[in-house]
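Chemist: Return a 3D structure for these sequence lines:
(one chain, ligands or ions: 1)
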Amino acid sequence: MKKGLRSRLAQYGDEEFAFFLRRGFLKGAGFTDDALDLPIVGILSTASDFNPCHKTAPQVAEAISRGVRMAGALPFVFPTVSLHEAFSYPTSMLLRNLMAMDVEEMISALPLDAVVLIGGCDKTIPAELMGAISADMPAIIVNVGSMLAGKHEGTRLGACTDCRRLWAQFRAGTLEGPDLNRAHDQLMPTSGTCMVMGTASTMACMAETIGFMLPGSATAPAVSSDRWRFAEATGKRAAEMARTGGPRPSELLTKAALRNASVVLQATSGSTNALVHLAAIAGRAGITYDLQELDRIGRDVPVLLDLKPAGMNFMEDFHAGGSLPSLWRRLKDHLDLSAKTVNGETIGEIIARWPPYVDDKVIRPLDNPLVKGEAIGILTGNLAPGGAAIKLASATPELFQHEGAALVFESLEDLEKRIDDPNLNVTPQTVMVLRNAGPIGAPGMPEAGALPIPKKLGSKGLKDMVRLSDARMSGTAFGTVVLHVSPEAAAGGPLALVRDGDRIELDTKGRKLNLKVDDAELAKRRAQWKPPQKPARGYLRLYTDRVTQAEHGCDFDFLAGEK
Ligand code: FES
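Modeler: Predicted coordinates for the structure are as follows:
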C-alpha cells in the first residue's frame, strides 16, 4: 500500500499524472513540497450547526491537529454526516448506517495513513466504529466530551434524565409552565453530550473499553482542559499510527474486547442502545455479539458506577473520581486484561499504572455496589423468539414479575392520538404494547419504547407500569420497559399478533416474556396478518429492504464482515 499523498490516487490511467495533479492542487492551497512528503492523518469532523452536542468539534479538531503536527505528520480535517438526537427526523438511528457508510467510504477514498474520528452524540461513535472496522484503517476515536451538570435552585440537573422527569411532572400537572421554563435554561448548561450514563456516555465508555480511545479520555467534560489535552495526545498517537501502520481495528476488536465491553456495560448500567450498536460493530468484524453472555455477566457483575439515571452523579464526577481505568481496576477479575488498546498497552497494563485515587461514592467498591442485581437482562419467550432487553437497574422491582392485560398501540401515531384519552381502557396493571416501531416498522427503531404514562394514571401519581415494544429507549430514560422485541411486528414477529386484553407475562427472574394465547389462536391470527407496505424509493427503501433485526445490530445485511 502506498503511503501519504501517493495513496489512493484518482484513476486517470496514469498514476504519475494523478499524483502530479493532486500535489498541484495542494501546492495551490499553499503547501510546500516538504509538508506534502509527510505522513497524513485525517481528522473526521462531525462539526455541524445542527449538532449542538458537537459545538466544540472545531476546537477538538484544532487540538488534534496540533498533536499531529507535533509528532511530524500532516493533519487534514474533513467533514462527515453528523447526527444529533433531536435534529434527525424521524430518528437518528435511521441515519446511523448512512453515517457508517459515509465514514467507511470516505476514509477508504482519501489519501490517509491514519484517521482520528471525532464522535460524541449517541449514534456518532457507533457509526464511526462500524465504518472504521470495515475500512480496517488505523483509527482512533476522540469524543467531544460531556456537558457539565446543570444547577437549578439547589438541584443538579442532567440531560436528558431530568428532561424526562420534569416533563412527566409537567404532564401530570405537578409542575407549572414557568417553573419548567426556568429549569429548561439549566438542563443543557454547556456544549457537549448528555452528562448522564445515556447512550453517548455509554458508547464513549464502550469505545475506550474495546481499545479505540486513549485511556481515561471517554469521561473528560467537553469544556475541560483535559478534553483539549486528550485531543492533542490523540493527534500525536495518530501520527505514530500513520507512520507504523497500526494497530488496525481488526487487531483491537476481538471477542475478548467485546466481552470486556459487556462487563463494563453491566457495571455502568449503560444504555440498552449499546446492545444494538455492539452487535453492529461486532458484525462488521464478522463476530456475533453474544447477548446471552451479556446476560450471564450481568448476574455476576453488579452496578458499580453511581451515575444518573441509575444513581445520582454525572460524567464530570466520574472523570474526577478516577475515570474508566479506575472502574476497570475494580472489575479486573471479570475482564480479559490481555485485551489490546490503540495506545499500545493492554487493559491490564493501563490498570497497573493508573493513579490509585478513586472516589468510592462514584465508582463504588464491589462490596458496596449501587445495585446488587444485574443492570440489563435479556428475555426470550413466545412473544420474543429473537430476544428482548430490559434495563432492570432503571425498572421498578415490584414489576419484575408481572402479568397483565395487553393494551395495544398499532403505531407511534396511534400512541400519540390515544395515550391521553380520558376513556383509555388502562389500569396500573395493564401491559402497554407498542408495535410497528422497530427497525423496519417505524422505520429506524426510534427511542419510543418508554411509552408515556397515560395522563389518566400519571395525574393520580402513577410513575411506572410495564411497557413493551419493538422500539428502543434512550439511555437516559427509566421505567419497567421491555425493548427490542424481536422479530419486530413489521417483520411478522409474534408482537404483530397481540390483541387488546391478551394476557402477557413478564418474568424477569426466569428471563421470560410470554403471550398467554394458545398456538391455534395465534396461527389463526397469523393467517390474517399482512406485512406493512414499504416505502417506494430512496434510502428508506434500501433501509427497510436490508436492515437486520435488533439482535444483529440493525445494520444493513450486506455490510457485515466475513465470519
Ligand atoms: Fe447529543 Fe444526548 S442529545 S448526547
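Chemist: Could I get the contacting residues of the most centrally placed residue in the chain?
Modeler: In the chain, the C-alpha nearest the mean C-alpha coordinate belongs to residue 199, at 4.3 Å (Cα atoms, centre = their mean). Counting by Cβ atoms under 8 Å, 6 or more residues apart in numbering, residue 199 touches 122, 271, 273-274, 277, 474-476. Any C-beta I mention is one placed from the backbone N, CA and C, and that applies to glycine too.
Chemist: same check, this time on residue 484
Modeler: 272, 275-276, 387-389, 445, 470, 472, 550-551.
Chemist: Intersect those with the contacts of the ligand.
Modeler: The subset of the contacts of residue 484 within reach of the ligand, by Cβ under 6 Å from any ligand atom, is empty.
Chemist: Closest to the ligand out of those residues?
Modeler: Nearest to the ligand out of the contacts of residue 484 is residue 472 (Cβ to the nearest ligand atom; 13.8 Å).
Chemist: Secondary structure of the closest one: a helix, I assume?
Modeler: No: applying DSSP: H, G, I helix; E, B strand; the rest coil, one finds residue 472 to be coil, outside a helix.
Chemist: shouldn't it be in contact with residue 483?
Modeler: Yes: contact status for residue 472 versus residue 483: in contact at 5.8 Å, counting by Cβ atoms under 8 Å.
Chemist: just the strands in the stretch 51-200 of the chain please.
Modeler: Counting by DSSP state E, counting those that start in this stretch, the segments of the stretch 51-200 of the chain that form strands are 74-79, 114-119, 139-143, 150-152, 155-157.
Chemist: In the stretch 451-563 of the chain, what residue comes closest to the ligand?
Modeler: For the stretch 451-563 of the chain, Cβ to the nearest ligand atom, closest residue to the ligand: residue 476, 7.2 Å.
Chemist: list the contacts for that residue?
Modeler: By Cβ under 8 Å, 6+ apart, the contact set of residue 476 is 158-161, 163-164, 194, 196, 198-199, 271, 308-309.
Chemist: filter these down to the ones near the ligand?
Modeler: Within the contacts of residue 476, those near the ligand by Cβ under 6 Å from any ligand atom are 194, 198.
Chemist: which pair in the contacts of residue 476 spans the largest distance?
Modeler: Based on Cβ to Cβ, the longest span within these runs between 163 and 271 and measures 15.3 Å.
Chemist: So residue 238: helix, strand or coil?
Modeler: Under three-state DSSP, residue 238 falls in the helix class.
Chemist: ok, back up a step: go through the contacts of residue 476 and name the one nearest the ligand.
Modeler: Using Cβ to the nearest ligand atom, residue 194 is the member of the contacts of residue 476 that lies nearest the ligand, at 3.4 Å.
Chemist: residues near that closest one, how many?
Modeler: By the measure other Cβ atoms under 10 Å, the count of residues near residue 194 is 29.
Chemist: quick one, strands of the chain?
Modeler: 40-45, 74-79, 114-119, 139-143, 150-152, 155-157, 376-381, 384-391, 401-409, 431-434, 467-469, 481-486, 503-507, 512-515 (DSSP state E).
Chemist: Please identify the most buried of those.
Modeler: Mean neighbour count (mean count of other Cβ atoms under 10 Å) peaks for strand 139-143 among the strands of the chain, with a mean of 30.
Chemist: Pull up the pairing partners for that one, direction included.
Modeler: strand 114-119 (parallel) (DSSP bridges).
Chemist: average model confidence for the strand it pairs with?
Modeler: For strand 114-119, mean pLDDT rounds to 98.
Chemist: Can I get the lowest-mean-pLDDT helix or strand in the chain in PDB, CA atoms only?
Modeler: Among the helical and strand segments of the chain, the one scoring lowest on mean pLDDT, DSSP states H and E is helix 161-172, with a mean of 88. Taking C-alpha atoms only, helix 161-172 is exported to PDB below (Å, rounded to 0.1, in the frame of the first residue of the first chain):
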ATOM      1  CA  THR A 161     -32.800  12.100  32.600                       C
ATOM      2  CA  ASP A 162     -34.200  15.300  34.200                       C
ATOM      3  CA  CYS A 163     -35.700  16.500  30.900                       C
ATOM      4  CA  ARG A 164     -37.900  13.400  31.200                       C
ATOM      5  CA  ARG A 165     -38.600  13.700  34.900                       C
ATOM      6  CA  LEU A 166     -39.600  17.400  34.600                       C
ATOM      7  CA  TRP A 167     -41.700  16.700  31.500                       C
ATOM      8  CA  ALA A 168     -43.500  13.900  33.300                       C
ATOM      9  CA  GLN A 169     -44.200  16.200  36.300                       C
ATOM     10  CA  PHE A 170     -45.500  18.900  33.900                       C
ATOM     11  CA  ARG A 171     -47.800  16.300  32.100                       C
ATOM     12  CA  ALA A 172     -49.100  15.100  35.500                       C
END
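Chemist: Quick one: distance of that helix to the chain centre.
Modeler: 23 Å (Cα atoms, centre = their mean, to the nearest Å).
Chemist: which helices and strands does it pack with?
Modeler: Applying 3 or more Cβ pairs under 8 Å, 6 or more residues apart in numbering; DSSP states H and E, we find helix 161-172 packed against helix 177-187, helix 455-458.
Chemist: Any buried residues in the last one, and which?
Modeler: Of the residues in helix 455-458, those with enough neighbours to count as buried (16 or more other Cβ atoms under 10 Å) are 455-458.
Chemist: Now the residues you listed in TSV, please, with extra columns for distance to the ligand.
Modeler: Listed next are those as TSV, based on distance: Cβ to the nearest ligand atom, whole Å:
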residue	distance to the ligand
455	26
456	30
457	28
458	24
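Chemist: What is the nearest of the residues you listed to residue 353?
Modeler: When the buried residues of helix 455-458 are compared against residue 353 (criterion: Cβ to Cβ), the nearest one is residue 458, at 50.6 Å.
Chemist: Could you double-check that residue 322 lies in contact with residue 361?
Modeler: No: here residue 322 lies out of contact with residue 361, judged by Cβ under 8 Å, at a distance of 11.1 Å.
Chemist: Counting neighbours, which bits of the least confident helix or strand of the chain end up buried?
Modeler: 161-166, 168-169, 171-172.
Chemist: which one of the residues you listed is nearest the ligand?
Modeler: For those, the nearest to the ligand is residue 163 (9.6 Å; Cβ to the nearest ligand atom).
Chemist: Spatially nearest residue to that closest one, not counting backbone neighbours?
Modeler: Distance criterion Cβ to Cβ, 6 or more residues apart in numbering; nearest residue to residue 163, sequence neighbours excluded, is residue 187 at 5.6 Å.
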